[in-house]
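Student: pasted the sequence and its predicted model underneath.
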Amino acid sequence: MVLAVARRHECHFAVLGGGTSPFKGASVADQGITIDLQRMRDVEFADGLDLRISVGGGARWADVYQTLDPKNMSAVGTRNSLTGGISFFSEHHGWACDSAVEFEVVLADSTVIKATQYANADLFWALKGGGNNFGIVTRIVLEVFRDPPRWYTFQLFNLGDLFTVFKRLENHTNTMIPHVWQIATTFGWHDPTQRFVISERMVASEQIELPDHVLRQAPDGTWEKSAVLQTNVYERPILSMAQKMDVMNAEGFYNFFGSVTVSSNAELLLALARVFQNEIDPIRDAKGLQVYIVYNPITVNAMNQMKKRGGNALGLLSENGPLTVVNINLHWSHKADETRMRKFMRQLIHRFRETASEMDMLNPYVFQNHAFEEQDVFSGYGAKNLAQLKDTRQKVDPDAVFQRLQPGFFKLEPKLTTAVEIKSEL
Ligand SMILES: Cc1cc2nc3c(=O)[nH]c(=O)nc-3n(C[C@H](O)[C@H](O)[C@H](O)COP(=O)(O)OP(=O)(O)OC[C@H]3O[C@@H](n4cnc5c(N)ncnc54)[C@H](O)[C@@H]3O)c2cc1C
């Protein structure tokens, strides 16, 4: 109904899911219609065998985990809302979209259809990575699993151990240690103490032995022991972490995300950390600054899981793996700083790409959930996938309603969006 009104009056609109995307206008339409899905947050089992759940299109992962956690079950979610991708559980189950079994979608002409591997299979494939270009997803049926990993660990290392920590990440990405389901490394600027910090977190199905020191090579080539600064181990924290996400997304901050995908190579990851250290000076005095990089591996196992149910549209091929998705997170508290933050993010992404290219380790894939609004996400999916996404868009939305009237977030055909913006300005 709301969609029909927007269509008839050529009024621009946005669909609000979890609302965490920092892309301006992605989920809220200033002076347009915002379709808020927050009342569609129900979660219920979809079959008698408890193998699938049916989830409303506006649900948060906390809603899902609240249902599953007491049954010692879980789903491949992210820490936040339903459009996320990289999960604690990707090593064994792929990304979040790979667990989708069925999407219920409201198309541009207001018809409601279901897309599965067997019915409307082209749309089902396109929705697994194609973003908000096809319709409004009002319900998703997801595969769930039993006995999720229960241990979550966090370790903080000395700055001098950067290379050693990146080498650990590279090694674990190539051959995941037994019982570990996820590993990620974070390198960032800690504003309260005015210093850089490096940390590693893991999700594991059994308690794993964590080092109390790492070895690092001194300039003279000898090896020395370096103590781990902090170790935290949590049991079954996933539900409470998902519940805390709203706190982490606290109001009063401005954010930009950025993302680059590279080979899993410790020398390169270190080179990117050095670039980051060199580029941060122009923004270091900004009020409320939080800036950090999260290095997320995409293992070959995770990529193989992406082939399930006809595969997804992301264009991540296991023969090119393993890869590392390098996500940049930038938060600040004064609106006046926006211009220099934009410049910083643009420059950092450029320098990351340049550095990885020089080492012949840049992958064209851009992780949509964390991309900067100026990045070209869909070219990175590969020409064939992009053409297939556009064909599906043409089939399900021949008038390009979701391109023209819903300008926010990453568009398959940005030129169509621009045309409407000019028209409405005239
Ligand atoms: C603290 C934090 C932690 C995060 N952790 C992770 C993580 O672990 N893994 C990961 O992959 N990502 C992560 N992200 C990124 C986050 O998952 C993405 O930003 C995600 O795309 C946001 O989804 P949302 O529904 O909140 O966004 P929104 O801003 O509501 O939506 C993003 C776009 O999708 C559209 N959309 C949303 N729902 C629907 C729907 N049902 N139908 C049609 N269109 C829709 C919106 O219109 C909008 O254009 C994190 C983000 C934050 C802030």
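Tutor: That came through fine.
Student: pLDDT score for the residue in the stretch 251-400 of the chain positioned nearest to the ligand?
Tutor: Of all residues in the stretch 251-400 of the chain, the one sitting closest to the ligand is Asn369 (3.7 Å; Cβ to the nearest ligand atom). Every C-beta, even on glycine, is put in place using the N, C-alpha and C of the backbone. We note a pLDDT of 93 for Asn369 in this prediction.
Student: isn't it right next to Gly85, touching?
Tutor: Yes. At 5.3 Å, Asn369 counts as touching Gly85 under the criterion of Cβ atoms under 8 Å.
Student: quick one: contacts for the closest residue to Val15 other than its chain neighbours?
Tutor: In space, and not counting its chain neighbours, Val15 is closest to Ile35: 4.9 Å by Cβ to Cβ, 6 or more residues apart in numbering. Listed by Cβ atoms under 8 Å, 6 or more residues apart in numbering, the contact partners of Ile35 are 2-3, 13-16, 136.
Student: any idea how far Ile35 is from Leu16?
Tutor: In this structure, Ile35 and Leu16 are separated by 7 Å, where distance is defined by Cβ to Cβ, to the nearest Å.
Student: kindly export the helix or strand where Ala115 lies (C-alpha atoms) in CSV.
Tutor: Here Ala115 is covered by strand 112-116, with elements defined by DSSP states H and E. Extracted as CSV, the C-alpha positions of strand 112-116 are listed here (Å, rounded to 0.1, in the frame of the first residue of the first chain):
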residue,chain,number,x,y,z
VAL,A,112,4.1,-10.4,-2.5
ILE,A,113,6.1,-13.4,-3.7
LYS,A,114,8.3,-16.1,-2.2
ALA,A,115,11.8,-16.7,-3.5
THR,A,116,13.6,-20.0,-2.8
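Student: quick one: strands adjacent to that strand?
Tutor: Within its sheet, and counting by DSSP bridges, strand 112-116 is paired with strand 100-106 (antiparallel).
Student: and the partner strand, how far from the chain's centre?
Tutor: Here strand 100-106 is found 20 Å from its chain centre; the criterion is Cα atoms, centre = their mean, to the nearest Å.
Student: got it, and stretch 335-350?
Tutor: For stretch 335-350, the distance between its averaged C-alpha position and the chain's averaged C-alpha position is 20 Å (Cα atoms, centre = their mean).
Student: how about it: buried residues?
Tutor: 337, 341, 344-345, 348-349 (16 or more other Cβ atoms under 10 Å).
Student: what's in contact with that stretch?
Tutor: When contacts are taken as Cβ under 8 Å, 6+ apart, the neighbours of stretch 335-350 outside the stretch itself are 254, 256, 258, 260, 275-276, 279-280, 282-283, 286-287, 328, 330, 332, 372, 374-375.
Student: now a ChimeraX select for only the buried ones of the residues you listed.
Tutor: When burial is assessed using 16+ other Cβ under 10 Å, the buried subset of these is captured in ChimeraX by this command:
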select :254,256,258,260,275,276,279,280,283,286,328,330,332,372,375
